[in-house]
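> coords below, sequence missing:
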């Protein structure tokens, strides 16, 4: 993920709360821990990581590793595609199918489907995205390599209701 810790696409009040159904906007870190952490980073390390690209990935782990360990941030999808030699594996494919729990406007910020699509598109291979759910803003992913996206859910329901509809 390329998301910073703060801003409209941050982990403390924008992306994660929105993904949990808690709204999300461009408020400053609303948690007391977020405000204290910023002060501690600046006071003790001389580093303000709140707007660091990728610092909001994995709940802020990117920012912590950058500040405390001097880590260089690299998108996780690049690490995974390199480790899997994905480019070589899809070179002769006719179609690539990828997935994510939810495909939405955040998918373009370093999530797996767009990363996989980028590799596939370098070979002009069509890409289909499968997700647990889609949001109204999902159309933006078409500009980033996904040719079609589908949800495995017809509608959202409780696990109990869903289990009751299973064929035995």
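On my side now, so go ahead. Bear in mind that the values here come from a model prediction, so they are computed numbers and not experimental data.

> show me the contacts for residue 99.
Counting by Cβ atoms under 8 Å, 6 or more residues apart in numbering, residue 99 makes contact with 112, 113, 129, 130, 131. No exception for glycine: its C-beta is placed from N, CA and C like everyone else's.

> Now for those residues, which sits with the most neighbours around it?
residue 129 (28 neighbours; other Cβ atoms under 10 Å).

> you'd agree that residue is in a helix?
No. The assignment for residue 129, made by DSSP: H, G, I helix; E, B strand; the rest coil, is strand rather than a helix.

> That one pairs with what?
Residue 129 has these beta-bridge partners by DSSP bridges: residue 98, residue 149.

> hang on, the earlier thing: go through the contacts of residue 99 and say which is closest to residue 72.
Checking those against residue 72 by Cβ to Cβ gives residue 112 as the nearest, at 21.1 Å.

> so how far is residue 36 from the closest one?
33 Å (Cβ to Cβ, to the nearest Å).

> What of residue 88?
From residue 88 to residue 36 the distance is 47 Å (Cβ to Cβ).

> now residue 82
The spacing between residue 82 and residue 36, counted by Cβ to Cβ, is 36 Å.

> For residue 134, see how far away the residue nearest to the spatial centre of the chain is.
For the chain, the residue nearest the mean C-alpha position is residue 111 (4.0 Å; Cα atoms, centre = their mean). As defined by Cβ to Cβ, residue 111 lies at a distance of 13 Å from residue 134.

> just to revisit the earlier point, so the residue nearest to the centre of the chain touches residue 102, yeah?
No. The criterion here is Cβ atoms under 8 Å, and residue 111 misses it with residue 102 at 9.3 Å.

> what are the ranges of the helices in the chain?
Using DSSP state H, the helices of the chain run over 15-19, 32-40, 61-69, 76-83, 86-90, 112-121, 159-164.

> Go through the ones you listed and pick out the most buried.
Compared across these, helix 112-121 shows the largest average neighbour count, a mean of 22 (mean count of other Cβ atoms under 10 Å).

> Average pLDDT for it, rounded please.
The average pLDDT for helix 112-121 rounds to 96.

> Does anything pack onto it? Which helices or strands?
helix 76-83, helix 86-90, strand 96-103, strand 127-134 (3 or more Cβ pairs under 8 Å, 6 or more residues apart in numbering; DSSP states H and E).

> closest one to residue 121 among these?
strand 127-134 (7.0 Å).

> Check which helices and strands the closest one sits against.
Strand 127-134 makes packing contacts with strand 96-103, helix 112-121, strand 148-151 when contacts are defined by 3+ Cβ pairs under 8 Å, 6+ apart.
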